[in-house]
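Trainee: Give me a model of this one.
(one chain, ligands or ions: 2)
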Amino acid sequence: MVVWLEGDLGAGKTTLVRGLLRAAGVTGSVRSPTYTLVEVHPVSGLDFYHFDFYRFNQPEDFLDAGLDEYFQGRGICLVEWPDKAVPYLPGADLHLGLRLAKNDSRELECRATSERGRACLIALNAAGCSSSLPPA
Ligand SMILES: Nc1ncnc2c1ncn2[C@@H]1O[C@H](COP(=O)(O)OP(=O)(O)OP(=O)(O)O)[C@@H](O)[C@H]1O
Ligand SMILES: [Mg+2]
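Mentor: Ligands and ions are numbered 1, 2, ... in the order given. Predicted coordinates for the structure are as follows:
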């Protein structure tokens, strides 16, 4: 599963990942991967890989760092600043777009771009998240 987290500097991408990992059962600190490029969180029988490509100077940095291997396994890849690694970054199942809204709140737009991503949005909806589903 590949999730692209989109939004400007400070939009809340890391904070959203932190919340997601906490909900999945991570109890330790969840650091931003700004300097390490990837932070690994094994939890609940899953491997979450949290990336931040903000510091890439060119998309080829993705290949040079050998990060493509992470995307071939069974883990869940959560990617901040995915645009910086296009065209080498594998495509997303889910796009999560964040933007600043009134009173320092945030708006989140979820868009599925695969069957797997769509199944995820359907599950979120069933769990009571208010959202509108994309057309089938
Ligand atoms: N949903 C939210 N409601 C209120 N404040 C938030 C929310 N999400 C994030 N923030 C605040 O916004 C600031 C930036 O958040 P965060 O570091 O998650 O952004 P980011 O999108 O990961 O930024 P970057 O592009 O630099 O990685 C933090 O101070 C955080 O506490
Ligand atoms: Mg961040």
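Trainee: From now on I want contacts and neighbour counts done on CA atoms only, so please keep to that.
Mentor: Noted.
Trainee: so residue 2 makes contact with residue 80?
Mentor: No. Using Cα atoms under 8 Å, residue 2 is not in contact with residue 80, being 11.2 Å away.
Trainee: The two: who's more crowded?
Mentor: Comparing residue 2 with residue 80 by other Cα atoms under 10 Å, the one with more neighbours is residue 80, at 25 against 20.
Trainee: count of neighbours near the nearest residue to the more buried one once chain neighbours are set aside?
Mentor: Using Cα to Cα, 6 or more residues apart in numbering and skipping the chain neighbours, the partner closest in space to residue 80 is residue 52 (4.6 Å). By other Cα under 10 Å, 23 other residues sit near residue 52.
Trainee: what sits against residue 52?
Mentor: 32-34, 37-38, 79-82 (Cα atoms under 8 Å, 6 or more residues apart in numbering).
Trainee: which SS state does the residue of the chain positioned farthest from its centre fall under?
Mentor: Distance to the chain centre peaks in the chain at residue 103, reaching 24.4 Å (criterion: Cα atoms, centre = their mean). Taken by DSSP: H, G, I helix; E, B strand; the rest coil, the conformation at residue 103 corresponds to helix.
Trainee: how near is the residue nearest to residue 80 to residue 101?
Mentor: Distance of residue 52 to residue 101, computed by Cα to Cα, to the nearest Å: 23 Å.
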